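Visitor: Turn this into a structure:
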Amino acid sequence: MTPPSLPTARPLRAGALLFDLDGTLSDSSAIYDWAWTEWSQEAGLDPAKALAIHHGRRIPETIALIAPAGYDVLAGSARVLELASSRVDGLREIPGATALLQSLPRERWAIVTSSYPDLVRRWLRRLAMPEPVVLVTALDVERGKPAPDCYRLAAKRLNRNVGDCVVFEDAPAGIAAGEAAGCQVIAVAKMLGDEALAGRDWVRDLRNVRIEIDAQSELRLSF
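Guide: As a prediction, this is how the structure comes out:
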């Protein structure tokens, strides 16, 4: 993997920070990969199809892309969520995530995820991470990532201009959503290869992200 590319040559300031959850703040890949494999086998599908595209997408949208015509997407979605909610073994913090969130004023950040509110809160409590004032989940928008709706809604709920927000994301669908919303995007490289990171700012994890509040009350990011 190529060395991280950071915006160190220019000031990086933000009105607010918008974080994806899975793969950005927490590593739930083992849980979701297991849930999607179990569901695929129950549905008579090749698990590789789900594993290739589910990351960063809402569950119903993933199922709609791979299930046969006439499949009950709502029932399938409920089953995947049930499976994912049934275990916490394998859940990990992305290094530096908790410390970074604790360093931020609570009104200056949000979590924007394709997951569901009960599951998000359960996993945050499990990891002893701060819970956000603003949480945008799969239930809050008509169109999931890569559509920009979720990031625009998070900025609105924080009373911030979406163009003044910085997004931290780890999945191609989420990166596309942040960019389409007009945000500066910092990729977190856990799930991304060199091709996806080419030409963009990225970090391996969150351990070296530092936040200060400048004289204009803007967040100043350093790496």
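
Visitor: what's across from Leu135 in the sheet?
Guide: Going by DSSP bridges, Leu135 is paired in beta bridges with Ile111.

Visitor: For it, give me its contacts.
Guide: Contact analysis of Leu135 by Cβ atoms under 8 Å, 6 or more residues apart in numbering lists 110-111, 113, 117, 120. For every residue, glycine as well, the C-beta is placed using N, CA and C.

Visitor: any idea how far it is from Ala110?
Guide: The gap separating Leu135 from Ala110 is 7 Å, by Cβ to Cβ, to the nearest Å.

Visitor: Helices of this structure, residue ranges please.
Guide: Assigned by DSSP state H, the chain shows helices spanning 29-43, 47-53, 59-66, 73-85, 97-102, 117-127, 149-157, 172-181, 194-197.

Visitor: To Arg143, which of the ones you listed lies closest?
Guide: helix 149-157 (5.2 Å; Cβ to Cβ).

Visitor: now for the closest one, which elements pack on it?
Guide: Applying 3 or more Cβ pairs under 8 Å, 6 or more residues apart in numbering; DSSP states H and E, one finds that helix 149-157 contacts strand 16-19, strand 109-112, strand 134-136, strand 165-169, helix 172-181.

Visitor: Any idea which of these gets closest to Thr98?
Guide: strand 16-19 (11.9 Å).

Visitor: Would you give the sheet partners of the closest one, along with the direction of each?
Guide: Partners of strand 16-19 in its sheet, by DSSP bridges: strand 109-112 (parallel), strand 165-169 (parallel).

Visitor: Now it: buried residues?
Guide: 16-19 (16 or more other Cβ atoms under 10 Å).
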